[in-house]
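**Student:** coordinates for the following, if possible.
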Amino acid sequence: MPASTTPASLPWIERLVSLDTTSRSSNLELIGLVEDEVRRLGLEPVRLPNADGSKTNLLVTLAAADGRTGGGVVLSGHTDVVPVDGQRWSSDPFVPEIRAGRLYGRGTADMKSYLGVIMHLLPDLAAAALAEPVHLAFSYDEEVGCIGGGEIAAAMAAWPEPPRVCLVGEPTSMRVIAGHKSSNLVELVFHGRSAHSSLTPDGVNAIEYAARAASAVRELADGRRANGPFDERYRVPFTTAGVNVISGGIASNTVPERCSLQYEFRTVGDDDPMAVIETITARARELEAQMRAEHPDASVEVLVGPLVPSLDSDDNGPAYRLSVALGGTRSTDKVTYGTEAGQFANAGIDAVVCGPGDIAQAHAADEYVELDQVLACEDYLGALVTALGAPTGSGR
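**Tutor:** Numbers count the residues shown, from 1 in each chain. Sure thing, here's the model as predicted:
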């Protein structure tokens, strides 16, 4: 491949992709690699670890030329990736490989290419006389509910002077995206009473009651599809919901004592996620009363999981204007997937999403990013260096 079409950030991207940071595992090896480079450049990394210390967020602040550390621009990305279990790959997902102008490997699109470009350009940022601070925000467990991102956004919101804008580098094909749906997960656990299947009146069938709750979720989804609210800037312009995981029963001749189901839903901006939860919870309580009429010990647990807020930034706001000025493609589209941008926006930090790669390749077998997308991202973040200061060093 000609040198002119080879991204200068490729070595960093390959190093990051080669580290298995599947969400069920630790991200500390990757964080340590980044910290070594940060310290080499005379910067001080700050960890925000999870409760048991097995994973951590990482914050790095590059001060402005006048010493200010408040305000400024956040470059946000997550370090974890989704599993490859059960997928059929043409090559080792953690051994990055270039084929026909594409870099293959888990996380190439979602979203280690963006992180790799940041790390490649970090020497330039560190050497620049910045007009305002730049903050790196690398999170853990985005793929299982944007857990680390929420912690980072809350921490930054508590600063005396929070950052003014945040650029989240999820794969958008370098389009500037100012809106996405919320993402919400709730588990309902039905506790019935076991019995021999020949004595069904002695038991309470947890699966049958869970099935009624699943129907309620479908009815809610059908209602939103028919009646809205609608936002035509989405490919799917209404709130969606569905039961995607269900588990219960131990044998065909035993009335099941326990059944759990998980329902996931994604709301447009004019729909209140809590209203969805309240509707389904109210139905669960009705079912619980029916179960207790059969046996007083029956119950239903409602376990609210990660709730990732929607993003509805102003497409004339500071984050959008900055991203377009850096070379991001102007777009009025909104995306159906969730990101940490909604968390930053909820914390009062104006945010947009713009990064290399296509979401269609994220999470899939043979995940890849087009090298042209990486080059475009290098230009985009290189323009940030130019816009904020006089860069020197190794960047494109």
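**Student:** how is this protein divided into domains?
**Tutor:** Domain segmentation of the chain under automatic domain parsing yields 3-180+310-388, 183-308.
**Student:** will you turn those into CSV that also has mean neighbour count and mean pLDDT?
**Tutor:** In this view, the C-beta of every residue, glycine as well, is placed from N, C-alpha and C. Below are the domains of the chain laid out as CSV (neighbours: other CB atoms under 10 Å; pLDDT from 0 to 100):
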stretch, mean neighbour count, mean pLDDT
domain 3-180+310-388, 20, 96
domain 183-308, 17, 97
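**Student:** for the helix or strand hosting residue 137, name the packing helices and strands.
**Tutor:** Applying DSSP states H and E as the criterion places residue 137 in strand 134-139. Judged by 3 or more CB pairs under 8 Å, 6 or more residues apart in numbering; DSSP states H and E, the packing partners of strand 134-139 are strand 56-62, strand 73-78, helix 113-127, helix 147-157.
**Student:** can you lay out these as a markdown table showing distance to residue 41?
**Tutor:** Output for those, formatted as a markdown table (distance: least, CB to CB, whole Å):
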| stretch | distance to residue 41 |
| --- | --- |
| strand 56-62 | 9 |
| strand 73-78 | 15 |
| helix 113-127 | 4 |
| helix 147-157 | 21 |
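**Student:** to residue 287, which of those lies closest?
**Tutor:** Between residue 287 and the helices and strands packed on strand 134-139, the shortest gap by CB to CB is with helix 147-157, which sits at 30.0 Å.
**Student:** tabulate the CA atom coordinates of the next helix-or-strand element following that closest one in CSV.
**Tutor:** Using DSSP H and E, the helix or strand that directly follows helix 147-157 along the chain is strand 165-168. Taking C-alpha atoms only, strand 165-168 is exported to CSV below (Å, rounded to 0.1, in the frame of the first residue of the first chain):
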residue,chain,number,x,y,z
VAL,A,165,-17.9,21.0,24.5
CYS,A,166,-17.4,17.3,24.0
LEU,A,167,-16.6,15.4,20.8
VAL,A,168,-17.6,11.7,21.1
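**Student:** in the stretch 151-300 of the chain, which spans are strands?
**Tutor:** 165-168, 179-180, 183-191, 195-196, 240-248, 254-255, 258-266, 299-308 (DSSP state E, counting those that start in this stretch).
**Student:** any chance of these in a markdown table, with distance to residue 348 too?
**Tutor:** Formatted as a markdown table, the strands of the stretch 151-300 of the chain follow (distance: least, CB to CB, whole Å):
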| stretch | distance to residue 348 |
| --- | --- |
| strand 165-168 | 10 |
| strand 179-180 | 17 |
| strand 183-191 | 21 |
| strand 195-196 | 55 |
| strand 240-248 | 28 |
| strand 254-255 | 52 |
| strand 258-266 | 23 |
| strand 299-308 | 17 |
